[in-house]
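A.B. asks: After the sequence you'll find the predicted model.
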Amino acid sequence: MRESGDGIHFAIADASSDRLMGTVGLKKTDWRARVSEVGYWTAPWARGRGIAAEATRALGRWVLMDQAFQRMELLAATENTASRKVALRAGLHREGILRNAGFVHAGRVDLVLFSLVPEDLRGTAPAPTDSGP
């Protein structure tokens, strides 16, 4: 992904055992606009420990502060409450619903759009909330 310019992926590993706990990365990168979408996966045995939110928060800080990007987005199906919680715990802000914008194994779904911008990391933006489906 990095060589194509589309994004970059990182492993999330247990510090003591080096066992793979998940991945986090950027995709659909728009270099001109300095915007990218975050995605992640967590091993079933590692879920519920906050690692997806921690990794997403760290990636957001890196891409916005160190790489001078202007926006990081996260899309989650409206019914995917776990991913919506990860987005909020990582400090992303809910912007709204993208109707019929996603596709999962069961068919088309609405997506919730979350974002993180540099001002969010500087403490000048209001706290994130999720007040919708």
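C.D. replies: Yep, that arrived.
A.B. asks: tell me the contacts of the residue nearest to residue 25 when sequence neighbours are not counted?
C.D. replies: Using CB to CB, 6 or more residues apart in numbering and skipping residues adjacent in sequence, the residue nearest residue 25 is residue 9, 3.3 Å away. Bear in mind the C-beta positions are built from the backbone N, C-alpha and C, glycine included. Neighbour list for residue 9: 1, 23-26 [criterion: CB atoms under 8 Å, 6 or more residues apart in numbering].
A.B. asks: part of a helix, is residue 9?
C.D. replies: No: going by DSSP: H, G, I helix; E, B strand; the rest coil, the assignment for residue 9 is strand, not a helix.
A.B. asks: now the contacts of residue 9 as a markdown table including secondary structure?
C.D. replies: Converted to a markdown table, these look like this (three-state DSSP):
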| residue | secondary structure |
| --- | --- |
| 1 | coil |
| 23 | strand |
| 24 | strand |
| 25 | strand |
| 26 | strand |
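A.B. asks: Please report phi then psi for residue 90.
C.D. replies: Torsion angles at residue 90 (phi, psi; degrees, to the nearest 10) stand at phi -80, psi -10.
A.B. asks: In space, what's closest to residue 113 - neighbours in sequence excluded?
C.D. replies: Using CB to CB, 6+ apart, the nearest residue to residue 113 is residue 95, at 4.6 Å.
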